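Colleague: Just the structure for this:
(chains A and B)
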Amino acid sequence: MNSFALADCSTVEAALSQLKDGAVVKAGGVDLLDRMKNGTDTPTRLINIRNISELRGIQSTPEGLTIGALTTLAEVADDPGVRSQYTVLSDACGQAATPHIRNMATLGGNLLQQLQCWYYRSPDFQCLRKGKEICFAFSGLNQYHAIMDYGGCPSVAPSSGAVALLALDASVELTSTAKGKRTVAIRDFYLHPDANPHRFHVMAADELLTSIHIPKPAPGTRSAYQKYGEKESHDWANADAGILLEMDGSLCRRAVVAMGAASPVVRRSREAEAALAGKPITPETARAAGQASMTGAMPLSMNAYKVQLFPVAIYRTILLAAGQMDRDPSAAG
Amino acid sequence: MSDPQRSPKEPPEATSTATTPPGISRRGFLKGAGITAAGTALLSGVQGLSREAVASTPKGVKEFGPEPFPVTLHINDKEHALQIEPRTTLADALRIQLNMTGTKISCDRGVCSSCTVLLDRMPVNSCMTLALDTVGHQITTIEGISANEQIHPVQAAFVRHDAMQCGFCTPGMVMSCVSLLEKNPHPTEADVRYAVSGNLCRCGTYPKVFAATLDAATQPASKA
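Modeller: Predicted structure coming up:
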């Protein structure tokens, strides 16, 4: 790691005043230190927001839930209110990385972690996302890359928290000195590589991600998340599913099927959702939704297995959300 | 407060005393020391802020480094004074500066958890934690879990069950299991599996780790 100065901030206002001259924000530091140790990132000044207590904690409101950006993944995963009403989120936070990392990593940091593509993470490859014109994954090692909607960069959305928050129709609160607070829906937060290859999200350089807002789910809502990686622990997903079912008796009034590891930006499968809407949740409808989720899939040279893995992940997670199947032990965190 | 134009310096010789490190002027060192006193006070709630340091930095901002500066870390119920830079990880501070080499570094990326220590009794990866972020918090390392020359019940159970081969993951594995039993004195095997799911053992001793930890849970001392 290169040498750097660090400004330890105790308030949001103080941290915002330091957002200048290329200084980089550090919260839990897990993703940032990884990139600094790799040598891809060499900031000379860090803004430490880890000790801003006002950004930590989970608040239940009449509208839903507000989670401070510095709340750790372990705190979100273990919160009884999140577990009972926003299960897809406690599942996703509880399956990210390892128990040790979940004690350090924050929900805001999980949402803002950078691409996990090994070409992007290597200081030896200057790729499209680093300002050059070439992507090495299309003709190189791409077994963990995207299978749909990838445009010029098939690196997949790395945040499992974002998959859950997309399913919950959540939004993030961005704060700056100049413009105050603004709210952006998770579905509009991330930028597709073809929209802008050099930016990952719409947050501006003078903004901080300060909190996450989740609307209260409709009565009868059940949800779940499961991820399938090469390893059961400390691994990003090869296939994942964030499922939300609004039940009306035995019929599913509305379904959300969210996926992360299929494409560069977290996405909902409208085809899979249509396969469930207005129908009872059964092994047959769940299987049909899983199959429908692969509409438009165009796997790369080494990742056709994902076209089989995603339907299974979605099928099992729909049945888990509906209470018809146990959690898959091989999808534990 | 610190001069951003000043060229970064290599860390000083390992030291656990607050002597002036080589390559730093007395004036620069005193400035650094003042800032650190303020920073420590901020993190730990201790009184005694340096008025000078507070007056010359924006409200709510404490500047550190890039030069080394003195801090006090609370490790295994003892205060340790040492020099760190902002980039010094807790793992490096423990191993290189304090010579507490029981904590292992293997991947140095948070993947393997062989560097596991307890921060306020929670297992974390010391390789991905800046030492500066641990000022004012309680750090427990593998050296700190035994008392009166008696190894911890989890360690004793690891010996009984031969729950190690090459041993490099063992300190981290033990710390994860100690933390589990503190929170959950009567774990199931699934609980143990979950607790060590971040600890990578390339030798594959997991079954014996599970057996040892479940056995340790039956020993009265581990419930204290």
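Colleague: contacting residues for residue 168?
Modeller: No chain specified, so I'll use chain A. A:86, A:88-89, A:214-215, A:217, A:223, A:244 (CB atoms under 8 Å, 6 or more residues apart in numbering or on different chains). C-betas here are computed from N, CA, C, even on glycine.
Colleague: Chain B, not that one
Modeller: Contacts of B:Phe168 (CB under 8 Å, 6+ apart): B:104, B:106, B:114.
Colleague: nearest spatial neighbour of the first one, skipping sequence neighbours?
Modeller: In this case it means B:Lys104. B:Ser114 (4.2 Å; CB to CB, 6 or more residues apart in numbering or on different chains).
Colleague: Which of the contacts of A:Leu168 sits closest to B:Cys166?
Modeller: Distance to B:Cys166, by CB to CB, is smallest for A:Leu89 among the contacts of A:Leu168, at 38.7 Å.
Colleague: for the closest one, helix, strand, or coil?
Modeller: helix (DSSP: H, G, I helix; E, B strand; the rest coil).
Colleague: mind checking how far it is from chain B?
Modeller: Plainly put, A:Leu89 is 19 Å away from chain B if you go by CB to the nearest CB, to the nearest Å.
Colleague: what's the answer for A:Ala274, then?
Modeller: Distance, A:Ala274 to chain B, using CB to the nearest CB: 36 Å.
Colleague: what's that residue sitting at in phi/psi?
Modeller: phi -70, psi -30 (degrees, to the nearest 10).
Colleague: those strands in the stretch 101-250 of chain A, which residues are they?
Modeller: A:171-176, A:180-185, A:207-215, A:221-228, A:239-248 (DSSP state E, counting those that start in this stretch).
Colleague: let me redo that: chain B
Modeller: Counting by DSSP state E, one finds strands in chain B at the ranges B:61-64, B:69-75, B:78-84, B:116-119, B:122-125, B:138-140.
Colleague: near chain B, which residues of the stretch 151-300 of chain A show up?
Modeller: A:232-234 (CB under 8 Å from any CB of the partner chain).
Colleague: Find the residue closest to A:Leu32 in space, skipping its chain neighbours.
Modeller: A:Leu32's closest residue in space is A:Lys26 (CB to CB, 6+ apart), at 5.3 Å.
Colleague: Cross-check the contact I'm expecting between the one you found and A:Ile47.
Modeller: Yes. Here A:Lys26 reaches A:Ile47: they are 6.7 Å apart, a contact under CB atoms under 8 Å.
Colleague: Select, out of the strands of chain B, the one closest to A:Glu75.
Modeller: Taking CB to CB, strand B:122-125 is the member of the strands of chain B nearest to A:Glu75, at 10.6 Å.
Colleague: Check which helices and strands that closest one is in contact with.
Modeller: helix A:99-102, strand B:116-119, helix B:170-183 (3 or more CB pairs under 8 Å, 6 or more residues apart in numbering or on different chains; DSSP states H and E).
Colleague: Can you add mean neighbour count, distance to A:Gln59 and mean pLDDT and give those back as CSV?
Modeller: As requested, the helices and strands packed on strand B:122-125 are arranged in CSV below (neighbours: other CB atoms under 10 Å in any protein chain shown; distance: least, CB to CB, whole Å; pLDDT from 0 to 100):
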stretch, mean neighbour count, distance to A:Gln59, mean pLDDT
helix A:99-102, 28, 20, 97
strand B:116-119, 27, 25, 98
helix B:170-183, 24, 25, 98
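Colleague: closest one to A:Ala331 among those?
Modeller: The closest of the helices and strands packed on strand B:122-125 to A:Ala331 is helix A:99-102. By CB to CB, the value is 15.8 Å.
Colleague: For the closest one, name the packing helices and strands.
Modeller: Helix A:99-102 packs on helix A:73-78, strand B:122-125, going by 3+ CB pairs under 8 Å, 6+ apart.
Colleague: rerun that using 6 Å as the cut-off
Modeller: If you count contacts as 3 or more CB pairs under 6 Å, 6 or more residues apart in numbering or on different chains; DSSP states H and E, helix A:99-102 packs onto strand B:122-125.
Colleague: Could you check how far the strand it packs on is from the centre of its chain?
Modeller: 8 Å (CA atoms, centre = their mean, to the nearest Å).
Colleague: Put the alpha carbons of that strand into CSV.
Modeller: Written as CSV, here are the backbone C-alpha positions of strand B:122-125 (Å, rounded to 0.1, in the frame of the first residue of the first chain):
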residue,chain,number,x,y,z
MET,B,122,-16.0,-9.5,17.5
PRO,B,123,-13.9,-11.5,15.1
VAL,B,124,-12.4,-9.3,12.3
ASN,B,125,-9.6,-9.6,9.8
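Colleague: tell me the mean pLDDT for that strand?
Modeller: For strand B:122-125, mean pLDDT rounds to 98.
Colleague: residues in contact with it?
Modeller: A:100, A:103-104, B:110, B:113, B:115-116, B:176, B:179 (CB atoms under 6 Å, 6 or more residues apart in numbering or on different chains).
Colleague: Output the strands of the stretch 101-250 of chain A as TSV; include the columns distance to B:Thr88, mean pLDDT and mean neighbour count.
Modeller: Below are the strands of the stretch 101-250 of chain A laid out as TSV (distance: least, CB to CB, whole Å; pLDDT from 0 to 100; neighbours: other CB atoms under 10 Å in any protein chain shown):
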stretch	distance to B:Thr88	mean pLDDT	mean neighbour count
strand A:171-176	30	98	21
strand A:180-185	35	98	12
strand A:207-215	26	98	22
strand A:221-228	34	97	25
strand A:239-248	36	97	26
